[in-house]
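K.L.:
Predicted model and sequence follow; I will ask about them next.
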Amino acid sequence: MKDGVNGVALAVFIFFFLAVTVMGFLAARWRKAENDSLDEWGLGGRSFGTWVTWFLLGGDLYTAYTFVAVPAAIYAAGAAGFFAVPYTILVYPLIFTFLPRLWSVSHKHGYVTTSDFVRGRFGSKGLSLAVAVTGILATMPYIALQLVGIQAVLDVMGVGGGENTNWFVKDLPLLIAFGVLAAYTYSSGLRAPALIAFVKDTLIYIVIAVAIIYIPIKLGGFDDIFAKAGEAFSQTNPATGKPRGALAPADPGQWTYATLALGSALALFMYPHSITATLSSRSREVIRRNTTILPLYSLMLGLLALLGFMAIAAGVKVTNGQLAIPQLFEDMFPSWFAGVAFAAIGIGALVPAAIMSIAAANLFTRNIYKDFIKPDATPAQETKVSKLVSLLVKVGALIFVLTMDKTVAINFQLLGGIWILQTFPALVGGLFTRWFHRWALLAGWAVGMVYGTFAAYGVASPTQKHFGGSSKEIPGIGEIGYIGLTAFVINVVVTVVLTFVLRAAKAPDGIDETKPEDYTADAGDPGVAVELPPATAGAGH
């Protein structure tokens, strides 16, 4: 690691950071509407077309955490880290089946969050609350990881001093970045990350395209890179007594790899920020087109993952694996282009952090504040509360980053993935059938949450006694698999069995305010609303 501050890289980084900051504040004037509602602040007026939505979703899903952590996983353990590539391939055919339906019914009834839909579909504020709380809990560590990504870049550039530096001086650059992010998100809402996403994705594509050509040339080609990586992975890890990793997953790890990829694919679009970006589009057709062109990001992700092997071949030595790729850029690129790469990672943190905080705030406002605290809240009051909560969410994430070890943040994000997957039956199941009983869905969610949390609590790692990973032995099978997927299967079994029991007992059903035709409605269809949902919209099953 180079000593001191890389002045050239820092100057380039600051240039891009200032540019996107200006864009963030100017976004408040982009397609600005007169009314002050969550539709405008939290969903950008539901007005984004195909390309804006594509960049927004890409900026939302492919984050600084992706840029840093996916190749870092390859750097640490080998091909097991590639699970992110197949899961982003699996996810798009999956969402093609249900996202257009969710957009249509949400546009029809003015739903802003997934919990709005669940409440309207099943007539259950309790189930809606469960989905909202799960979404907020799962999003918090995800936001924290974006700040970890910024901090990793700042550390490699030498900004903030060493470990013995006063904590305020050391963390001041991160505090400044946080303050700027909070300010323009508060001012511009979803329009800010939508506009900045163009810069973020362009920079990332440029950096990866250059890195995948330039670095292998400097390292002697991919043959040498894989040979050096294979040699490194064959070395024994003193912490575990086993080989460090492998260029291909060994037989015992294949269940883990497959279940983690499948479970992650099911969970990705359960996250509130994914849905917020989706509902901001202006038509059902925009969503359908995006599910066909978003796989371009998976190609980028596959190339990005190879940087982990390059870091090994380049002899990068870091105590924190999250620093491996920023350090690779620092070592291999000219200072000015290293600054461009660092800016791509930094901006790659700002975009999703903004969307995530908005999504979490919308959940609190619509499904906790309005449903349980102030049912007669006006659209302007909702927007004000959501803005304030978005600030509090980011403050919570910042405290998390500054007070806890970075590996803890990563493991809590993995726990968040286990949690958010438990909302799948209520959301996706509800988009296709009304058969599931609301109480059965709530019970299944609770069982899945409890099992997933306790199973993850019992997983240890060389650095942590609890929550040390997201894989454990699958009951009844004996193979090591993803805890989230096991919890999901248990959730579904409980939901189905209890639905049979409750329907046989003729337990009271909630009122469904949706109709079959709502799920195929498009913008401009007669009767399609884009404002706040009515208190009731009639019954229909």
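P.N.:
Thanks, I have it. Worth saying up front: this structure is predicted, and the values here are computed from it rather than measured. Numbers count the residues shown, from 1 in each chain.
K.L.:
What segments of the stretch 351-500 of the chain are strands?
P.N.:
Using DSSP state E, counting those that start in this stretch, the strands of the stretch 351-500 of the chain run over residues 471-473, 480-482.
K.L.:
Most tightly packed of the ones you listed?
P.N.:
Among the strands of the stretch 351-500 of the chain, strand 480-482 has the highest mean neighbour count (mean count of other CB atoms under 10 Å), at a mean of 24. Yep, even glycine has a C-beta here, placed from its N, CA and C like the rest.
K.L.:
rewinding a little: export the strands of the stretch 351-500 of the chain to JSON lines and append columns for mean pLDDT and distance to Phe500.
P.N.:
Shown next, in JSON lines, are the strands of the stretch 351-500 of the chain (pLDDT from 0 to 100; distance: least, CB to CB, whole Å):
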{"stretch": "strand 471-473", "mean pLDDT": "89", "distance to Phe500": "29"}
{"stretch": "strand 480-482", "mean pLDDT": "92", "distance to Phe500": "27"}
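K.L.:
Of those strands, which is nearest Ala360?
P.N.:
For Ala360, the closest of the strands of the stretch 351-500 of the chain is strand 480-482, at 24.2 Å, according to CB to CB.
K.L.:
what pairs with the closest one, and is each one parallel or antiparallel?
P.N.:
Paired with strand 480-482 in the same sheet, following DSSP bridges, are strand 471-473 (antiparallel).
K.L.:
mind checking how far the strand it pairs with is from the chain centre?
P.N.:
Centre-to-centre, strand 471-473 and its host chain are 23 Å apart (CA atoms, centre = their mean, to the nearest Å).
K.L.:
Can you pull out the residues in contact with it?
P.N.:
Strand 471-473 is contacted by residues 256, 259-260, 455-456, 458-459, 479-483, 486 when judged by CB atoms under 8 Å, 6 or more residues apart in numbering.
K.L.:
ChimeraX command to pick out the buried ones of those?
P.N.:
Remark: buried members of those, expressed as a ChimeraX selection using 16 or more other CB atoms under 10 Å:
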select :256,259,260,455,456,459,480,481,482,483,486
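K.L.:
tell me which of the contacts of strand 471-473 is nearest to Phe55?
P.N.:
Nearest to Phe55 among those: Leu260, at 27.7 Å, using CB to CB.
K.L.:
List the residues that contact the closest residue to that closest one other than its chain neighbours.
P.N.:
Distances taken as CB to CB, 6 or more residues apart in numbering place Tyr482 nearest to Leu260, at 4.3 Å, with adjacent residues excluded. By CB under 8 Å, 6+ apart, the contact set of Tyr482 is Thr256, Thr259, Leu260, Leu262, Gly263, Ser264, Ser470, Ser471.
K.L.:
State the number of residues packed around the closest residue in space to the fifth one that isn't next to it in sequence.
P.N.:
Leaving aside its chain neighbours, Gly263 sits nearest to Leu485 (3.6 Å; criterion: CB to CB, 6+ apart). Leu485 sits with 25 neighbouring residues when counted by other CB atoms under 10 Å.
K.L.:
Kindly present the strands of the stretch 351-500 of the chain as TSV, with separate columns for distance to Thr113.
P.N.:
Shown next, in TSV, are these (distance: least, CB to CB, whole Å):
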stretch	distance to Thr113
strand 471-473	30
strand 480-482	26
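K.L.:
for those strands, which one sits closest to Thr88?
P.N.:
strand 480-482 (15.7 Å).
K.L.:
What pLDDT is listed against the closest residue to Pro352 other than its chain neighbours?
P.N.:
Leaving out its chain neighbours, the residue that sits closest to Pro352 by CB to CB, 6+ apart is Thr63, at 4.2 Å. We have a pLDDT of 78 for Thr63.
K.L.:
And for Met404?
P.N.:
Looking at Met404, its pLDDT is 72.
K.L.:
show me what contacts the most centrally placed residue in the chain?
P.N.:
Of all residues in the chain, the one closest to the mean position by CA atoms, centre = their mean is Leu61, 5.5 Å from it. Taking CB under 8 Å, 6+ apart as the criterion, Leu61 is in contact with Thr88, Leu268, Ser274, Leu294, Tyr297, Pro352.
K.L.:
Out of those, give me the one that has the most neighbours.
P.N.:
Ranked by neighbour count (other CB under 10 Å), the contacts of Leu61 have Pro352 at the top, with 27 neighbours.
K.L.:
Is that one in contact with Leu57, as I believe?
P.N.:
No: under the criterion of CB atoms under 8 Å, Pro352 makes no contact with Leu57, lying 10.4 Å away.
K.L.:
Name the nearest residue to Leu94, ignoring sequence neighbours.
P.N.:
Ala265 is the one closest to Leu94 (CB to CB, 6+ apart), at 6.2 Å.
K.L.:
show me where pLDDT drops low in this structure?
P.N.:
The chain contains residues with pLDDT under 70 at 1-3, 31-35, 160-170, 238-241, 249-252, 405-407, 524-541.
K.L.:
residues touching Leu102, list them.
P.N.:
Thr114, Phe117, Ile275, Thr278, Leu279, Leu427, Leu431.
K.L.:
Ile477: how many residues sit nearby?
P.N.:
Using other CB under 10 Å, Ile477 has 10 neighbouring residues.
K.L.:
check contacts around it.
P.N.:
Counting by CB under 8 Å, 6+ apart, Ile477 has contacts Trp255.
K.L.:
Swap in 6 Å and give it another go.
P.N.:
Listed by CB atoms under 6 Å, 6 or more residues apart in numbering, the contact set of Ile477 is empty.
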